[in-house]
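J.: okay, structure incoming, though there's no sequence with it:
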Ligand SMILES: Nc1ncnc2c1ncn2[C@@H]1O[C@H](COP(=O)(O)OP(=O)(O)O)[C@@H](O)[C@H]1O
Ligand SMILES: [Mg+2]
């Protein structure tokens, strides 16, 4: 099979991270290609969340956070002084394990991002909200309660609403940090299908500690262990023919 060479959307060079004196990530280097699902797998506390939080500068708020190395977003240093952090966070969205919604209506949760991008016309907002809820597979389920409180939704629906809210600003990269951690198997399948489908429009980074889930959703996978990137490659290779014995032990369930 011919491997298509594309410009990476993210390039990570020798990234190390510390919280105070504790080193959490140890000189990671890899590239994220556009319009693919890149899974980051590994046992709890190996640094997955720390890593992806570097990609939209969420760690900026963490006390004692220090890093060295470089992260390029489409070739530009994401941590350069001139970088517009708000613009970065708009282009690189994040969905967390727990669906945290704003205390507004379902409609307003989705419209919020569009409003802060300067769209105020209600017909335009209606279009964006409908299109985005269709995209995240929620429209038919919640069309009749659009102006109601999102608390009445199931946890899986709230998670898909978080995805809709993130999609409403048309991010270039969407990061999922264990998005199915609290969900039942039926909702988990819906999110997995959605993630695969979103590849058409956007680049996905999918953190999970469920091996089989990573094998199902991703094109490429990286295995993190004790703050190091042990192996990075196509999902097929990582899961069927890993080069490192630690990767092999992890994907076969003997480790972590
Ligand atoms: N804000 C923080 N301050 C200090 N240590 C932290 C902080 N956040 C995470 N850690 C530590 O960093 C390590 C990696 O955590 P994390 O990135 O959350 O791992 P994962 O997402 O793989 O479970 C853990 O040992 C965790 O306790
Ligand atoms: Mg985590």
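T.: Done, it's in. Remember, it's a predicted structure, so these values are computed and weren't measured experimentally. Ligands and ions are numbered 1, 2, ... in the order given.
J.: tell me the secondary structure at residue 207.
T.: Under the three-state scheme (DSSP: H, G, I helix; E, B strand; the rest coil), residue 207 adopts strand.
J.: strands along the stretch 1-150 of the chain, start to end?
T.: Applying DSSP state E, counting those that start in this stretch to the stretch 1-150 of the chain gives strands spanning 10-19, 22-32, 37-41, 65-73, 76-77, 92-95.
J.: which outside residues touch the third one?
T.: Defining contact as C-beta atoms under 8 Å, 6 or more residues apart in numbering, one finds that strand 37-41 is touched by 32, 48, 51-52, 195-196, 199, 203-209, 211, 214, 217-224, 235, 250. Any C-beta I mention is one placed from the backbone N, CA and C, and that applies to glycine too.
J.: of all the strands of the stretch 1-150 of the chain, which one comes closest to ligand 1?
T.: strand 10-19 (3.5 Å; C-beta to the nearest ligand atom).
J.: just want the angle from the closest one to strand 65-73.
T.: On the basis of axes from the mean of the first three to the mean of the last three C-alpha atoms, to 10 degrees, strand 10-19 is oriented at 180 degrees to strand 65-73.
J.: secondary structure element for the spatially closest residue to residue 156 that is not a sequence neighbour?
T.: For residue 156, ignoring the flanking residues on the chain, the nearest one in space by C-beta to C-beta, 6 or more residues apart in numbering is residue 187 at 2.8 Å. Assessed by DSSP states H and E, residue 187 sits inside helix 185-198.
J.: mind giving me the packing neighbours of that helix?
T.: In terms of contacts (3 or more C-beta pairs under 8 Å, 6 or more residues apart in numbering; DSSP states H and E), helix 185-198 is packed against helix 155-167, strand 203-208, helix 211-217.
J.: so which of the ones you listed gets nearest residue 117?
T.: Closest to residue 117 of the helices and strands packed on helix 185-198, according to C-beta to C-beta: helix 155-167, at 12.8 Å.
J.: what pairs with the helix or strand that that closest one is followed by, parallel or antiparallel?
T.: Next helix or strand after helix 155-167 toward the C-terminus (DSSP H and E): strand 173-177. Neighbouring strands of strand 173-177 in its sheet, by DSSP bridges, are strand 92-95 (parallel), strand 203-208 (parallel).
J.: quick check on the residue of the stretch 51-200 of the chain found nearest ligand 1: phi, psi?
T.: In the stretch 51-200 of the chain, the residue that lies nearest ligand 1 is residue 62 (4.6 Å; C-beta to the nearest ligand atom). Main-chain torsions, residue 62, degrees, to the nearest 10: phi -90, psi 130.
J.: for it, grab the count of nearby residues.
T.: Using other C-beta atoms under 10 Å, residue 62 is surrounded by 12 other residues.
J.: how about the closest residue to it other than its chain neighbours, what does it touch?
T.: Leaving aside its chain neighbours, residue 62 sits nearest to residue 19 (7.0 Å; criterion: C-beta to C-beta, 6+ apart). Residue 19 sits next to 62, 64-66 when contact means C-beta under 8 Å, 6+ apart.
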